[in-house]
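Student: Provided below are the primary sequence and the corresponding predicted coordinates.
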Amino acid sequence: MTYQLAPWTAIAPMLVLVITAMVLYIVDSIYPEREHPQLLSGISVAGTVTAMAIAIWYLAAGTGQHGGEIVLFWDQLVVDGMALFFTVIFTAVASLVIVASYDYVRAQPHQGEYYSLLLLATTGMALMASANSLVMVFIALELASLPSYALVSYLKRNRGSVEAGLKYFLLGALSSTIFLYGISLVYVETGVLQLTAIAGTVGEIENVAILGFGVVLLILGFAFKTASVPFHFWAPEAYEGAPTPISAFISSASKAAGFVIAFRVLIEAFPYEVLLELGIDWVLMIQVIAVATMLLGNFAAAVQENVKRMLAYSSIGHAGYALIGLAALTNPGGTNDLVLAAAMMHLLVYGFMNTGAFLFVALGEHWGVGRTFEDYNGLATQAPIACVAVTVVLLSLAGLPVGGGFLSKYVLFMGAVSAGFWWLAAVGAVVSALSLFYYARLLKAIWIESPPSTRVVDEYPVGLYTAIVLAALLTVVLLPAFFAVAETAQIAAVDLFA
Amino acid sequence: MAAPMEAYLLLSAALFCVGLFGVLTRRNALMFLISVELMLNAANINLVAFSLYHGNLTGQTFALFVIALAAAEVAIGLGIIMVLNRQYDDVDVTRAATMRW
């Protein structure tokens, strides 16, 4: 028997993140007049990488997995395979974003606040992955959201950033109240807020209509966080106006965080077979949302002229793919853990691909390239390495076998087919083919068109380059390593259904 | 118990709808914030009333957390509205439309 750590150390990744955020405030207050970009981003990235390393170590050591989930604080927090898996996604994306931010915010004031808000948002997301009661889900959701509102409007002398922050805040505040009202209706009927306790009482409630309305409101709350229809329309505005590393962070990590609470709450607290007997078919609702999100995201992306807006709509489309993980659940579940694991893998790969794509736009902004597709004409002759990297991530986003995006989509669609939802897979496959069209538009501009003579690229920012190349590298590595990692996701999914 | 439980549900639903109406019709960002507060308190009424009904303190405790979180949300919101006012000289949410809605 090896030495066993105390149970509370299971939340070490979160503790590391929150302590790093506090250290940043302290360091920043020691030298309030001068900015220290290297010091601040160095501390932040050390914190996120440490948290990621701990989470990976726990995953490898089997902490909380194989039915041995660790519950803390009277069942309010749970550390299991899924919580650790998503913590790895959040911390990895946060690390890439921090490395890229070094160049992006170097000339801006208030960098200490920027990095500590970023770390607090990451803490909130890690907490969302571990939340085991609706109370913790709501608190963690707010901890992840409130710093994000401030980060989106970080460039406070930039009208676009302020406008994006305002819209993100208004819709975020509205959706979190809708989510809270849903929680209150669930409490009205069940009298408990802990997820497994809800599952225990949900079968013998008095008024199905109130509970059903509550579940619908909860799903609308998830739809906001994951940028799915009908609460998707904030996404293009917020992503376009926000500082681009923050767009990458929100569209990758924050979206994954929305999915992790959707997975845990819907599967743990509202078992599908029990709610179907009551007449609440939430899987049907998710199916409608998934199809609408896939179609709307991809079709809207195809008609954009602005690269960042195109990526924003494409990220809505990817939320639709990941929703298949919930939409293809069957009763009684034969392949349920397979599709759920596929959705988790898709969110992991998507985290790297999408961050890479947004950071490429950040690189373009750094050089003052411009916003439309034409502005990127011939960039490959001036910045070949970054362009190779972005080609890899874009093709992987479209689902071509150059990166892990191919396998995650393939397994997701196969899972949907074997669960009997061939039409979900068909819609996914068709819109994936469409997505190749709009990603290829950017690639054509970069590689084939000739560069305008007015554009000068004379400086190569180290942080942005490192982050983009790392994102592309991880996307490619996840092609051969896909099934090794998928095994962890599979174990996590089996535990969730158990 | 003095009032039937349905009364609390109706009150909270009415308050929620008043808030939602305000959110959808008001153009002033501050009025928007106040409307959102109404909606949050609608949920609090449910939580507190049914905490009594179910005979546990979960709902009341959660309502305290919600009040604290609402304050934090307003703090962030007012900050954003302040920079909005500096940039656009107005707190009308429809004025901030340099990007397409």
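Tutor: Done, it's in.
Student: burial measure for the residue in the stretch 301-450 of chain A positioned nearest to chain B, as a count.
Tutor: Here the stretch 301-450 of chain A gets closest to chain B at one residue, A:Arg309, 8.7 Å apart by Cβ to the nearest Cβ. Every C-beta, even on glycine, is put in place using the N, C-alpha and C of the backbone. Using other Cβ atoms under 10 Å in any protein chain shown, A:Arg309 has 22 other residues around it.
Student: quick one, longest helix in chain B?
Tutor: Across chain B, the longest stretch assigned as helix under DSSP state H is helix B:58-88.
Student: what is that helix packed up against?
Tutor: When contacts are defined as 3 or more Cβ pairs under 8 Å, 6 or more residues apart in numbering or on different chains; DSSP states H and E, helix B:58-88 sits against helix A:134-152, helix A:159-190, helix B:29-54.
Student: can you confirm the residue of the stretch 301-450 of chain A closest to chain B is in a strand?
Tutor: No - the assignment for A:Arg309 (DSSP: H, G, I helix; E, B strand; the rest coil) gives helix, which keeps it out of a strand.
Student: can you pull the contacts of it?
Tutor: Applying Cβ atoms under 8 Å, 6 or more residues apart in numbering or on different chains to A:Arg309 gives the contacts A:236, A:239-240.
Student: coming back round to it: is it possible to get TSV of the helices and strands packed on helix B:58-88 that adds mean neighbour count and mean pLDDT?
Tutor: What follows is these, written out as TSV (neighbours: other Cβ atoms under 10 Å in any protein chain shown; pLDDT from 0 to 100):
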stretch	mean neighbour count	mean pLDDT
helix A:134-152	25	95
helix A:159-190	25	93
helix B:29-54	21	94
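Student: redo the ones you listed as TSV? Include distance to A:Ala357.
Tutor: Conversion of those to TSV gives the following (distance: least, Cβ to Cβ, whole Å):
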stretch	distance to A:Ala357
helix A:134-152	18
helix A:159-190	18
helix B:29-54	32
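Student: coming back round to it: ok, and which of the contacts of A:Arg309 reach chain B?
Tutor: Intersecting the contacts of A:Arg309 with the surroundings of chain B, defined as Cβ under 8 Å from any Cβ of the partner chain, gives A:Glu240.
Student: and the contacts of A:Arg309, which of them are in helices?
Tutor: Among the contacts of A:Arg309, the members falling in helices are A:236, A:239-240 (criterion: DSSP H).
Student: residue contacts, A:Tyr25?
Tutor: Contacts of A:Tyr25 were listed using Cβ under 8 Å, 6+ apart, and they are A:112, A:116.
Student: and the helix or strand harbouring it with helix A:134-152, angle?
Tutor: Secondary structure from DSSP states H and E places A:Tyr25 in helix A:12-30. For helix A:12-30 against helix A:134-152, the angle by axes from the mean of the first three to the mean of the last three Cα atoms, to 10 degrees is 40 degrees.
Student: what residues sit buried inside helix A:12-30?
Tutor: Buried residues in helix A:12-30, counting neighbours by 16 or more other Cβ atoms under 10 Å in any protein chain shown, are found at A:12-14, A:16-18, A:20-21, A:23-24, A:27-28.
Student: so for the residue of the stretch 301-450 of chain A closest to chain B, what's the pLDDT?
Tutor: Listed pLDDT for A:Arg309 reads 93.
Student: same thing with the one 3 residues further on?
Tutor: pLDDT for A:Ala312: 94.
Student: ok, now the one 10 residues further on?
Tutor: At A:Ala322, the pLDDT value in this model is 94.
Student: for A:Met128, same thing?
Tutor: Among the per-residue scores, A:Met128 holds a pLDDT of 95.
Student: that one sits in which helix or strand?
Tutor: Using DSSP H and E, A:Met128 maps to helix A:111-130.
Student: so which of the contacts of A:Arg309 comes closest to A:Gly200?
Tutor: Looking at the contacts of A:Arg309 and their distance to A:Gly200, the nearest is A:Tyr239, at 40.4 Å (Cβ to Cβ).
Student: what is the burial count for the residue nearest to A:Phe222 when sequence neighbours are not counted?
Tutor: If the residues on either side of it in the chain are set aside, A:Phe222 comes closest to A:Ala262, at 4.1 Å by Cβ to Cβ, 6 or more residues apart in numbering or on different chains. The criterion is other Cβ under 10 Å. On that basis, A:Ala262 has 24 neighbouring residues.
Student: relative to chain B, how far out is A:Ala262?
Tutor: 20 Å (Cβ to the nearest Cβ, to the nearest Å).
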